[in-house]
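Participant: When you get a sec, could you give me coordinates for this:
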Amino acid sequence: MKRQLLIVLLFATATAAFAQNGATIDETARFLAGLPVTGVLEPLTHDTGWQEHAAAMDEAWTKKEQLQIVPIREWMSINATEYQLSSNTMFYMFSGPDFLYANIFFPNANTYILAGLEPIGQVPDLTRIPPEMLRAELAALRGSMSTILRFQYFITKDMRAEFGRGSIGGTLPILYVFLARLGYTVTDVARVNSPADGVKITFTEGDRPQTLNYFKTDLAGGNSNFLRWCAARSPGLSLLKAASFLMHGDGFSGVRNFLLEHSRVIVQDDSGLPLRAFPKGWKVNLYGRYVPHQEEFAKYYQPQLAALYAQEPQPSPLGFAFGYHWQKEDGILMVATRDGSNAEPEIRRALRPTEN
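Facilitator: Predicted structure coming up:
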């Protein structure tokens, strides 16, 4: 009885965290994204703090579109059209709240499943936050998103520092911002507790509903309830980016095996699955450049990968940065596809990634 009462209280708290006091979820998402709104939130947009927030978000988003969003979508339309158009489930392990890149690579997925260690967080009633506090909250939100908007990944320690500063925090407001800025309408949000603590967001573009799930879960170890839940929704399209080389060791064998068994395609940088991990029946195309990492990631150097990229002639650059390298000249992309055969894995370097 006590356990049931605790669950009821937890869900009541979660519902309150999503309450908007007259504002729709979509209006709240647009407000946080620095986009024009109507209704009860419109008066708040006259505050200079929100206007500064909107201007900063506009500037950052314009640069993001020019340097990443447009180039990646164009690249996918040439090199991986089938998967760009696919409506399969999309898996993004070690993602944090990075719905942006999940959608850039796979915009047509029916269901997105993201997983990380970052908390779900909350977006309370914005009309009840004092103006000076709301200005600080919006500045903290920008701070938590600064590295992914400037480069192409979150810095977890910086993001966590911003998460704990106020009443608007966690992954939820960041997911709202990405959805709004990508042009979607957010129609529903619900807290879930199975297969892990998470949030389920329904959004649309036109009349077609899509679902975004984010789960706070530890992916270390072997098989888990979360991975079994994901398996029931496979086969999927998988993305790995700035994954800290976690699957290069045995501590994350469960998620590594899951991805190889339940993915139709895996798009990744060199920090995802090591090249040696791909078994029979996989084809891996290598694009861009392989630039070895320094300091903490130097130990994950892959000689086989380096040898393939060292072949002449030099491959064409991607045209956009990807992974841990910030310069577009150093972008690396690996597109692995599974055909289900018993043939030895085929790994080849693609010399001209923008030509058929």
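Participant: Count the residues that sit near residue 99.
Facilitator: 26 (other Cβ atoms under 10 Å). C-beta: built from backbone N, CA, C; applies to glycine.
Participant: how much space between it and residue 173?
Facilitator: 12 Å (Cβ to Cβ, to the nearest Å).
Participant: what's the answer for residue 204, then?
Facilitator: As judged by Cβ to Cβ, residue 204 and residue 173 stand 20 Å apart.
Participant: try residue 203
Facilitator: Relative to residue 173, residue 203 is positioned 15 Å away (Cβ to Cβ).
Participant: just the strands in the chain please.
Facilitator: With DSSP state E as the criterion, the chain has strands at 89-93, 111-116, 185-192, 197-205, 208-216, 236-240, 263-268, 282-288, 332-338, 346-349.
Participant: re earlier: which one of residue 204 and residue 173 has more residues nearby?
Facilitator: Remark: of residue 204 and residue 173, residue 173 carries more neighbours, 25 against 14, as counted by other Cβ under 10 Å.
Participant: so who does the more buried one touch?
Facilitator: Residues near residue 173 by Cβ atoms under 8 Å, 6 or more residues apart in numbering: 32, 121, 123, 141.
Participant: now with 6 Å?
Facilitator: 32, 123, 141 (Cβ atoms under 6 Å, 6 or more residues apart in numbering).
Participant: ok, the nearest residue to residue 342 once chain neighbours are set aside - how many residues close by?
Facilitator: Distance criterion Cβ to Cβ, 6 or more residues apart in numbering; nearest residue to residue 342, sequence neighbours excluded, is residue 280 at 5.3 Å. Neighbours of residue 280 under the rule other Cβ under 10 Å: 13.
Participant: Now the phi/psi pair for residue 110, please.
Facilitator: phi -70, psi -40 (degrees, to the nearest 10).
Participant: Excluding chain neighbours, what is closest to it?
Facilitator: residue 87 (4.9 Å).
Participant: quick one: the one you found and residue 235, what's the gap?
Facilitator: Residue 87 is 12 Å from residue 235, by Cβ to Cβ.
Participant: Which one's more surrounded, the two?
Facilitator: residue 235 (16 against 13).
Participant: Where does pLDDT dip in the chain?
Facilitator: 1-21, 154-166, 351-356 (pLDDT under 70).
Participant: ok, back up a step: ok, which of the strands of the chain comes nearest residue 177?
Facilitator: strand 185-192 (10.7 Å; Cβ to Cβ).
Participant: Export the closest one to PDB, keeping only CA atoms.
Facilitator: Extracted in PDB, the C-alpha atoms of strand 185-192 (Å, rounded to 0.1, in the frame of the first residue of the first chain):
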ATOM      1  CA  THR A 185       4.300  21.000 -32.900                       C
ATOM      2  CA  VAL A 186       4.400  19.400 -29.400                       C
ATOM      3  CA  THR A 187       1.100  17.800 -28.600                       C
ATOM      4  CA  ASP A 188       1.500  15.800 -25.500                       C
ATOM      5  CA  VAL A 189       4.100  14.900 -22.800                       C
ATOM      6  CA  ALA A 190       3.900  12.200 -20.100                       C
ATOM      7  CA  ARG A 191       6.200  10.900 -17.400                       C
ATOM      8  CA  VAL A 192       6.800   7.200 -17.600                       C
END
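Participant: buried ones in it?
Facilitator: Neighbour counts over strand 185-192 (16 or more other Cβ atoms under 10 Å) mark 185, 186, 189, 191, 192 as buried.
Participant: Next: stretch 220-240.
Facilitator: So stretch 220-240, judged by 16+ other Cβ under 10 Å, has buried residues 224, 226, 227, 230, 234, 235, 236, 237, 238, 239, 240.
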